[in-house]
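1. Please find the sequence and the predicted model below.
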Amino acid sequence: MTDAPDTLERPRSQWRDVWLQFRSHKGAMAGLAVFVTLILFVTLGPLIWRIDPTYIDPDPVRMIRGRNQPPSWAHPLGTDQLGRDMLARMMAGGQVSIAVGLVAMSISVLLGTLVGVLAGYFRKLDNPLMRLTDLFLALPLLPLLLVMVMLFRDALARALGPETGTFLMIVTAIGVTSWMQAARIVRGEVLALKEREFVLAARSIGTPSRRIILRHILPNVMSPIMVAATLGIASAIITESALSFLGLGFPPDFPTWGRLLFDGVDYLQQYPERVIWPGLAISLTVLSVNYIGDGLRDALDPRIRGR
Amino acid sequence: MKLKTALLGAAAAFGLAPVAAQAERGADGEVKVLYYQAVSIVNPYLSSGTKDVEAASLVIEPLAGFDQDGVLFPRLATEIPTVDNGGVSADLTSITWKLKEGLLWSDGTPVTSEDVKFSWEYCTHPEGGCAQAARYEGVVAVETPDPLTVVVRFDAPKPNPYQAFVGSTSPILQKAQFAACVGAAASTCTAQNNAPIGTGPFRVVDFKVNDVVQMEANPNYRDPAKPRFATLTLKGGGDAAAAARAVMETGEFDYAWNTQINPELQAQMKAGGKGEFVTGFGTLVERIEMNMTDPSPGLPEGERSTVKHPHPILSDERVRRALSMAIDRNVLNEIGYGQAGRPTCNLVPSPAAFASDNTGCLTQDMAGAKALMAEAGWTDTNGDGILDKDGKKLSILYQTSVNAVRQDFQALVKGWWNELGVEVELKAIDASVFFGGDPGSPDTFQKFYADVEMYANNFDGTDPEPYLSQYLCDKIPGPDNQWQGENINRFCDPAYDAMVAELARTQDFQARTELAKKLNDMLTKDSMVVVPLIDRGRLSARSNTLGGVVLNTWDSELWNAADWYRVK
């Protein structure tokens, strides 16, 4: 009897349950491990591997000898056609690609959640907002991006410098053209949630809409939002790669994974690794992020938790 | 059994038929040509893009052209007029061309001197924005005493009268077809510009703009045995490496134009065994052009890169010179061209008689460049590695077309300029947009919305006069001439204009070469407005099964497509 307090389990937090469930998903754990490794590779890597990714040896003889080197201790991934270190380029490229993915995803999730919650909660806004969503869904993304690149690249590059300007333009462009899926999912969830008893109860005691949304609705739609977000990272990275591959993204000397892929295509037959490394990195990122999303969906759904 | 034998016999007969008819027009089926810059228009008067001029050279022809040695030969004319045969007047103010008898347009109507006269009127119309106006420099009248005789009169003695109606950039248009397309209406005549009626070996059947041109043998071509191919497909798109691969490795195409790829890839593709590279040194020079006007996006549209605003940095000759001195041209050649190029300091690298002995730029001089920058007042006052002057950073935008070699050049040149203390922003534009000449696009090389740009250009023919006269003050592209001028740098020097006029008056060959060299030096080593990098050999790929290909660096590369045949 006196031992009772010892046998009582400590109260379990919701996030701990989620984490326990997430851990049981092997694919998701592997994905998380890979994704964290990639992020460490591109963020901490350059601190250890301190070669400048755009460094070209000023001495012509050494430069010409140092071109297209196979992997060695001095250059673990070899060098490119101008003797630049591929490992350093992969790290620098990854920073940009992953940053584009994360920022574009945040923009699209923010927009999608905002539109979805507003459309689901306020009946008057439902129709106009959903038609707007349909309109955006009907827009072809790539041609739209090409037009935006043509119209705004110069203006932004002038205002913020070529790298920051292009970065902002690309993440904004991807963000504002990929929020529609999230908005639709969130709206559906909100429509169901707002008729539930706890929301009615909250309303009956006079809780203002703002607070109902923040306290009762948003925490309950977190699960689909998280899943949409992880998938969004993957598609943003792929879109950026496609733009760089077409030569329309960042300036030509600014490495991103897509740009490295584009530069490597000419050497595909002689030096296939030039294409394989960035291609592998893009695929791994997208795959791992998708697995994480899969695991999160399972973990955030209380109905299958513990199974 | 009997039926089977009969069928076999018939099949054998059909199978043998093409062999028997080998010397006939159209006997060799289809030839596929790949131009990785897609053709936009089949009228060289409305486009300065090489791809458009060369596509058009299959359809419309000048009176005379240049062969692979740069020697004139008659096309529509009976012979080359000279002072000796009386075709050129003794005072050099007129030239008389005789058209071949019985020449027919592809629609069956006869070619007359009226058509020749019309072509001149078409290109010299003040509102037409003709891209090849330099060819008609100094022509005051074209007279047609009879249907087969054309007399071209010049405003002054013209020692080189072989400019108008000579070479693929000044072909003869059919008057009946283009009569309504003169002046401002020129660019609106889409049907005519896309399928001109011509005298060349082929005629356009179907044209998808910026994609593919389908052609068939011209039924009225003057040589009944030519062309040997019944149809010709001129496909556009892709890039230089893919184009070379399509001929050398997969064999999908018979001929690929301008397969500018790195030396390593060349060696590898040769091993494919399906084709070979053809090279020839001509006048093609890869160069960096300095913008003498301000391309700042802060200026209102229509004033950017126009003579209203001189360039704030590059107007100083010392800055231009320092930028040139910092470049190591030997390294560029080694990386980009190998055997297919050689470093040069000249805008006119050949013919040998016209090439200046200007070799000062061939060795890199970084220390000298730095000293020159300091002399021009550019110093690094705030220690950020970038030169500045009066609080303004030395920062330039460097644009070119999307091409692996050019991007490597950009990276290398940027490295050297960074070392010099110049901040460089790179930009690469899709080649069909960059060279497309669309007045509505901000990214064409004519608009030049950048500080420096890199591309290659050449001249056809052996006389650089028209080429050098591209740098006259009145050839500056701007909104008033639909951005069609050839003076890309917006260089304007009255002394230069006067010397071009003198060149046009000079008759003695020796004196002409001296003048041309002086003009070349004025643009290059004296003023550094044009910074030549590499004298590029023409490198194209042909399939082993395509015979008759002779690479011509003095005229259109497709100059002898009528003689091409299938190797059996």
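-> Received it, and whenever you're ready, just let me know what you need.
2. B:Leu503 - nearest residue in space that isn't next to it in sequence?
-> Distances taken as CB to CB, 6 or more residues apart in numbering or on different chains put B:Leu515 closest to B:Leu503, at 4.5 Å, once the chain neighbours are dropped. Yep, even glycine has a C-beta here, placed from its N, CA and C like the rest.
3. which of the residues in stretch A:101-117 are buried?
-> Neighbour-count burial for stretch A:101-117, counted by 16 or more other CB atoms under 10 Å in any protein chain shown, picks out A:101-109, A:111-113, A:115-117.
4. Show the pLDDT at the residue nearest to B:Leu503.
-> For B:Leu515, the pLDDT comes out at 91.
5. Number of residues surrounding it?
-> By the measure other CB atoms under 10 Å in any protein chain shown, the count of residues near B:Leu515 is 22.
6. And the strands in the stretch 351-500 of chain B?
-> Remark: strands assigned in the stretch 351-500 of chain B by DSSP state E, counting those that start in this stretch are B:388-389, B:392-393, B:395-401, B:423-429, B:452-457.
7. B:Leu523 is in contact with B:Phe491, correct?
-> Yes: using CB atoms under 8 Å, B:Phe491 makes contact with B:Leu523 at a distance of 6.9 Å.
8. anything in contact with each of those two?
-> B:Tyr471, B:Val529, B:Val530 (CB atoms under 8 Å, 6 or more residues apart in numbering or on different chains).
9. Name the residues linked to the last one by a beta bridge.
-> Partner residues in beta bridges with B:Val530, using DSSP bridges, are B:Glu289.
10. Would you agree it is in contact with B:Glu289?
-> Yes: counting by CB under 8 Å, B:Val530 does reach B:Glu289; the two are 6.0 Å apart.
11. Between those two, which contacts overlap?
-> Both B:Val530 and B:Glu289 are contacted by B:Asn489, under the criterion CB under 8 Å, 6+ apart.
12. show me what contacts B:Tyr467?
-> B:Tyr467 is in contact with B:Ala134, B:Thr283, B:Leu347, B:Val348, B:Phe459, counting by CB under 8 Å, 6+ apart.
13. Out of these, name the ones that lie in strands.
-> Judged by DSSP state E, the contacts of B:Tyr467 include B:Thr283 as members of strands.
14. Let me know the pLDDT of residue 23.
-> Because you didn't say which chain, this covers chain A. Per-residue confidence (pLDDT) for A:Arg23: 85.
15. looking at chain B here, not the other one
-> Note for B:Ala23: predicted pLDDT of 65.
16. so can I have a markdown table of the contacts of B:Tyr467 showing neighbour count and pLDDT?
-> Formatted as a markdown table, the contacts of B:Tyr467 follow (neighbours: other CB atoms under 10 Å in any protein chain shown; pLDDT from 0 to 100):
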| residue | neighbour count | pLDDT |
| --- | --- | --- |
| B:Ala134 | 24 | 83 |
| B:Thr283 | 27 | 85 |
| B:Leu347 | 28 | 91 |
| B:Val348 | 26 | 90 |
| B:Phe459 | 22 | 79 |
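17. Among the contacts of B:Tyr467, which one sits closest to B:Arg318?
-> In terms of CB to CB, no member of the contacts of B:Tyr467 lies closer to B:Arg318 than B:Leu347, at 20.3 Å.
18. and that closest one, what is it in contact with?
-> B:Val285, B:Arg287, B:Tyr467, B:Leu468, B:Asn520, B:Leu523, B:Thr524, B:Val530, B:Pro532.
19. What residues does the first one make contact with?
-> Meaning B:Val285. Contacts of B:Val285 by CB under 8 Å, 6+ apart are B:Thr344, B:Asn346, B:Leu347, B:Pro349, B:Ala456, B:Asn457, B:Asn458, B:Pro532, B:Leu533, B:Ile534, B:Asp535, B:Arg536.
20. measure the third one to B:Lys308 for me?
-> Counting by CB to CB, to the nearest Å, the separation of B:Leu347 from B:Lys308 is 26 Å.
21. Show me which residues of the stretch 101-250 of chain B sit near chain A.
-> B:Ala241 (CB under 8 Å from any CB of the partner chain).
22. so, if you compare the buried residues of stretch A:101-117, which one comes nearest to B:Ser441?
-> Using CB to CB, the buried residues of stretch A:101-117 come closest to B:Ser441 at A:Ala104, 27.6 Å.
23. Ramachandran coordinates for B:Thr96?
-> Taking degrees, to the nearest 10, you get phi -110, psi 120 for the backbone angles of B:Thr96.
24. correct me, but it touches B:Val151?
-> Yes: if you go by CB under 8 Å, B:Thr96 and B:Val151 touch, sitting 5.0 Å apart.
25. Chain B contacts on chain A?
-> Within chain A, the positions near chain B by CB under 8 Å from any CB are A:54, A:56, A:58, A:60, A:63-64, A:67-68, A:81-82, A:150, A:154-155, A:157-158, A:162, A:247, A:251-253, A:263, A:265-267, A:269-270.
26. Can you give me the neighbour number for the residue in the stretch 1-150 of chain B that chain A sits nearest to?
-> Residue of the stretch 1-150 of chain B nearest chain A, by CB to the nearest CB: B:Tyr36 (12.8 Å). A count of nearby residues for B:Tyr36, using other CB under 10 Å, gives 24.
27. tally of neighbours for the nearest residue to it once chain neighbours are set aside?
-> Among residues not flanking B:Tyr36 along the chain, B:Ala243 sits closest, at 4.4 Å (CB to CB, 6+ apart). Using other CB under 10 Å, B:Ala243 has 27 neighbouring residues.
28. Relative to A:Gly264, how far out is B:Ala243?
-> Counting by CB to CB - B:Ala243 and A:Gly264 are separated by 18 Å.
29. thinking again about what came up before, of the contacts of B:Tyr467, which is the nearest to B:Gln510?
-> Nearest to B:Gln510 among the contacts of B:Tyr467: B:Val348, at 16.0 Å, using CB to CB.
30. residues in contact with the host helix or strand of B:Pro145?
-> Using DSSP states H and E, B:Pro145 maps to strand B:139-146. With contacts defined as CB under 8 Å, 6+ apart, strand B:139-146 is touched by B:112-114, B:116-117, B:120-121, B:124, B:150-155, B:164.
31. In helices, which of these fall?
-> Assigned to helices by DSSP state H, the following of the contacts of strand B:139-146 qualify: B:Ser113, B:Glu114, B:Val116, B:Lys117, B:Trp120, B:Glu121, B:Thr124.
32. My guess is the last one contacts B:Arg135. True?
-> In other words, B:Thr124. No: using CB under 8 Å as the test, B:Thr124 is too far from B:Arg135 to be in contact (9.7 Å).
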